[in-house]
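Q: coordinates only, sequence not included:
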């Protein structure tokens, strides 16, 4: 018997707006609206797109002794990032690693003064919460009474500040609690598109009302998972379960930048997280293969699973596409794959598509220039 899919608090809104609903990470989610993936993608790049990301997990990590340092050091035993040094009102990207150095999930964590707020991937949420439950000195509180929205695009700040005036003053990766019509809103200036924007945690009872208020603003359209994927691919952002997983290390995923100096050899709190030996050795010495960008020739996209070869004929595959598709903003196909680290940007490789090998150029990531509010 198939598992019953969960629905977010915006399910009825999606259906009313003509969304095509699909199963995703145990949830019934909108993949596209009548505008279509291409139109939704370009609308987000040009104006403002509203994404329902209520399927993501939200978790509070609260120190039992009231000392935030207790929670910071507990989290640092699982996350190879500088949690302790994160200022109040700021957010950071991090990873959960396993004992082999592989990535269990990627997440965002915010310092909220007396506790941390974590946002984790939907498919990993239950596993992540169980992982966190093993920590000493902290209470793990899954947030079950809120939804999560992402408002992304160059007009996002103007749209949100019309409803929540204080939002305009936030910088990229700021985290804040603000009021909207008596409702406590948890805001971060961040997102998954390469555009300026916000993620907004809303009380479940007010979620549909707030989403409608945003959609009533000029320039805002609802955006589905299809455009969310093409937007993040253009922005060179990895997707858990595709570009990284429990068998891929931070260096192999090109995510070494998420591990600050204080957690590396010579740093004040070096190591101390699962798989630290391998993770830190790879950051110092390099890895055989790492995540890179690819630009196929022509118009045909190369998708996940396509084999990459060094030569036009013969030989064994040197990599496999982990994410790929058409980039509406760059007007051509784009992809990411883990390929040998020594291959230079601009080199020509070959993707095997339906028995034919097509030339692809190794390209730097991201494929677009991000426009975050610094």
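A: Received it, and whenever you're ready, just let me know what you need. Given the structure is predicted, the values throughout are model-derived calculations rather than measurements.
Q: going forward, measure contacts between C-alpha atoms and count neighbours the same way
A: OK.
Q: mind showing which ranges of the protein have poor pLDDT?
A: Along the chain, segments meeting pLDDT under 70 span 1-2.
Q: quick one, helices of it?
A: 11-16, 36-46, 68-76, 125-133, 156-163, 207-215, 225-234, 276-285 (DSSP state H).
Q: Run the chain-centre distance for the first one.
A: Okay, so that is helix 11-16. Here helix 11-16 is found 24 Å from its chain centre; the criterion is Cα atoms, centre = their mean, to the nearest Å.
Q: quick one: contacts of that helix?
A: 21, 28-30, 208 (Cα atoms under 8 Å, 6 or more residues apart in numbering).
Q: looking at the residues you listed, which has the most residues close by?
A: Within the contacts of helix 11-16, most neighbours by other Cα atoms under 10 Å means residue 29, with 26 neighbours.
Q: Got the domain ranges for this protein?
A: Following automatic domain parsing, one finds the domains of the chain at 11-49+145-234, 288-374.
Q: Let me know which of those is the nearest to residue 138.
A: domain 11-49+145-234 (20.7 Å; Cα to Cα).
Q: Quick check: end-to-end length of that closest one?
A: 28 Å (Cα to Cα, to the nearest Å).
Q: now swap in stretch 129-140 and tell me
A: Using Cα to Cα, the end-to-end distance of stretch 129-140 comes to 8 Å.
Q: Now it: buried residues?
A: 129, 132, 135, 137-140 (16 or more other Cα atoms under 10 Å).
Q: Show me which pair in these is furthest apart.
A: 129 and 137 (15.2 Å).
Q: May I have the residues that are in contact with the residue lying closest to residue 190 once chain neighbours are set aside?
A: Excluding its sequence neighbours, the residue lying closest to residue 190 (Cα to Cα, 6 or more residues apart in numbering) is residue 198, at 5.1 Å. Residues counted as contacts of residue 198 (Cα under 8 Å, 6+ apart) are 150-152, 156-157, 187-191.
Q: and if you look at residue 44?
A: 152-154, 223.
Q: Now render those as CSV, adding distance to residue 315 and neighbour count.
A: As requested, the contacts of residue 44 are exported to CSV (distance: Cα to Cα, whole Å; neighbours: other Cα atoms under 10 Å):
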residue, distance to residue 315, neighbour count
152, 43, 30
153, 44, 27
154, 46, 21
223, 42, 30
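Q: Which ones among those lie within strands?
A: Counted as lying in strands by DSSP state E, out of the contacts of residue 44, are residue 152.
Q: Now the two most distant members of the contacts of residue 44.
A: Maximum distance among these (Cα to Cα): 14.8 Å, for 154 and 223.
Q: can you tell me the distance between the two ends of stretch 367-374?
A: 20 Å.
Q: which parts of that stretch are buried?
A: 367-368, 372-373.
Q: Distance to residue 283 added to the residues you listed, as a markdown table?
A: Listed next are the buried residues of stretch 367-374 as a markdown table, based on distance: Cα to Cα, whole Å:
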| residue | distance to residue 283 |
| --- | --- |
| 367 | 24 |
| 368 | 26 |
| 372 | 27 |
| 373 | 29 |
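Q: can you count the residues close to residue 15?
A: Count around residue 15 with other Cα under 10 Å applied: 13.
Q: Many thanks, have a good one.
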